[in-house]
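A.B. asks: the following comprises the amino acid sequence and a computationally predicted model.
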Amino acid sequence: MMLARFAADPSFEKNLSNHRYFNERESDYRSCYQRDRDRILHCSAFRRLKHKTQVFVEDEGDYFRTRLTHTLEVAQVARTISTALDLNYDLSEAIALAHDLGHTPFGHTGEEALNELMIKYGGFDHNAQALRIVTKLEQHYADFDGLNLTWDTLEGIAKHNGPIKEPIPFALRQYNAVQSLRFCSFASAEAQVAAISDDIAYNSHDLHDGLRAKLFTDDDIKCLPLIDKCYDEVDKIYPNLDQYRRRHEALRRFFGVLVEDVIYSSKNIILELSPNSIEDIRNASEPVIRFSDEIFLAMKEINSFLFNNMYRSPKVIEMRKIVTFKLKNLFKKYIDDPSYLPSDWKQKSDQASNKTELARLVADYISGMTDRYALTQHGKVFEKEYP
């Protein structure tokens, strides 16, 4: 792998930031970042993403994206962009695979509900929860809690969306007291790639899922910037294409436009900055991985369309009300009577020294639930009250 001089270097001798909090002998066959990636792939939280909402609850259809399929798409985009920019694609992929580990059941709806419940106990943030999972909650290894990932990967999980500003989420603040992640700086270019790959993936596939759910039509999105040209190009080349293939071809081109724009735009930004090391990337005044101004403005319009026509559609709003009600009920029941928790979590709750510790434990438990498990548990706990 030929790396740019500002890329993350897996060689310990050249990059002291790739060390692990707990010393381990590194693999003879995998780089430290490849090992991080593999540990993330094998962890319990990653498997649970299969049954967590992206936009639509799992039982609404087999074709809609889940949090797992979304994550895999993000990782693929991140690997493509990193390769084109001579970055360390293994690090980008590891961060991409971990970026949504902290998501609650029912997507952002679940996160908003849990954050509201946790406000007086420090709040809840899915990015911060992802760091808490990989540093504490995954408990499989004999020598340590968490996955003992490299500093670069932890930094990327915490800061892929940019420097951390006040108020700092509880889980980030807690871990930073143990090992500083330098909240005031940007993360590596590899982490920035993971972040923008997330934007590319969800903007593309949410359009596809929204069309499948009949929340809007091809004619609706054909009026949007960028997408209009993609449909026109498909219609010109394939004038008699059936609607499904036409849609797929147009959105495939839209996806490609976004990826190529990030690559070309970022190359120009990096050329102008002329960074000599990864620290130059971290200390830059702005992120170096960005869309061009034209595409950025178009993406804002597309985001607004998705917000109004998909994320706040009557169908999704109704789902939000139901799952918010059920998550809040579960949280309050577990806080008021921890005996409803499974035995291993009940044992942990007995060790909580105050209400804040108990609330944090309940938040850990609920946020780790899949959609179906949360619904099942609500049925078990409240079957007498809500027959």
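C.D. replies: On my side now, so go ahead.
A.B. asks: now for the residue most central in space within the chain: which residues touch it?
C.D. replies: Most central residue of the chain, judged by C-alpha distance to the mean C-alpha position with C-alpha atoms, centre = their mean, is residue 100 at 3.0 Å. When the contact criterion is C-beta atoms under 8 Å, 6 or more residues apart in numbering, the partners of residue 100 are 49, 67, 70, 71, 126, 130. For the C-beta atoms, the positions are set from N, CA and C on the backbone; glycine is no exception.
A.B. asks: cutoff 10 Å now
C.D. replies: By C-beta atoms under 10 Å, 6 or more residues apart in numbering, the contact set of residue 100 is 45-46, 49, 52, 54, 67-68, 70-71, 74, 107, 126-127, 129-130, 198.
A.B. asks: which ones among the residues you listed lie within helices?
C.D. replies: Among these, the members found in helices (DSSP state H) are 45-46, 67-68, 70-71, 74, 107, 126-127, 129-130, 198.
A.B. asks: neighbour count, distance to residue 169 and pLDDT added to these, as a markdown table?
C.D. replies: Output for the ones in helices among the contacts of residue 100, formatted as a markdown table (neighbours: other C-beta atoms under 10 Å; distance: C-beta to C-beta, whole Å; pLDDT from 0 to 100):
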| residue | neighbour count | distance to residue 169 | pLDDT |
| --- | --- | --- | --- |
| 45 | 22 | 17 | 97 |
| 46 | 20 | 21 | 98 |
| 67 | 23 | 19 | 92 |
| 68 | 17 | 24 | 94 |
| 70 | 24 | 22 | 94 |
| 71 | 26 | 21 | 97 |
| 74 | 27 | 21 | 98 |
| 107 | 26 | 18 | 88 |
| 126 | 21 | 9 | 95 |
| 127 | 22 | 7 | 95 |
| 129 | 27 | 8 | 97 |
| 130 | 24 | 11 | 98 |
| 198 | 22 | 18 | 97 |
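A.B. asks: any chance of the residues you listed in CSV, with distance to residue 257 too?
C.D. replies: Compiled in CSV, those are given as follows (distance: C-beta to C-beta, whole Å):
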residue, distance to residue 257
45, 33
46, 30
67, 25
68, 26
70, 20
71, 22
74, 17
107, 26
126, 28
127, 27
129, 33
130, 29
198, 17
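A.B. asks: pick the one among these closest to residue 326.
C.D. replies: Distances from the ones in helices among the contacts of residue 100 to residue 326 were compared by C-beta to C-beta; the smallest belongs to residue 107, at 14.1 Å.
A.B. asks: the closest one reaches residue 49, doesn't it?
C.D. replies: No - the criterion here is C-beta atoms under 10 Å, and residue 107 misses it with residue 49 at 11.1 Å.
A.B. asks: where do the contact lists of these two overlap?
C.D. replies: With C-beta under 10 Å, 6+ apart as the test, residue 107 and residue 49 both reach 66, 67, 70, 100.
A.B. asks: ok, the ones in helices among the contacts of residue 100 vs residue 367, which is closest?
C.D. replies: Taking C-beta to C-beta as the measure, residue 367 sits nearest to residue 129 out of the ones in helices among the contacts of residue 100, at 5.7 Å.
A.B. asks: could you give the mean pLDDT of stretch 288-306?
C.D. replies: Confidence over stretch 288-306 (mean pLDDT, whole number) is 97.
A.B. asks: the chain should start at 451 in everything you say after this.
C.D. replies: Happy to do that; since the first residue is 451 now, the last one works out to stretch 738-756.
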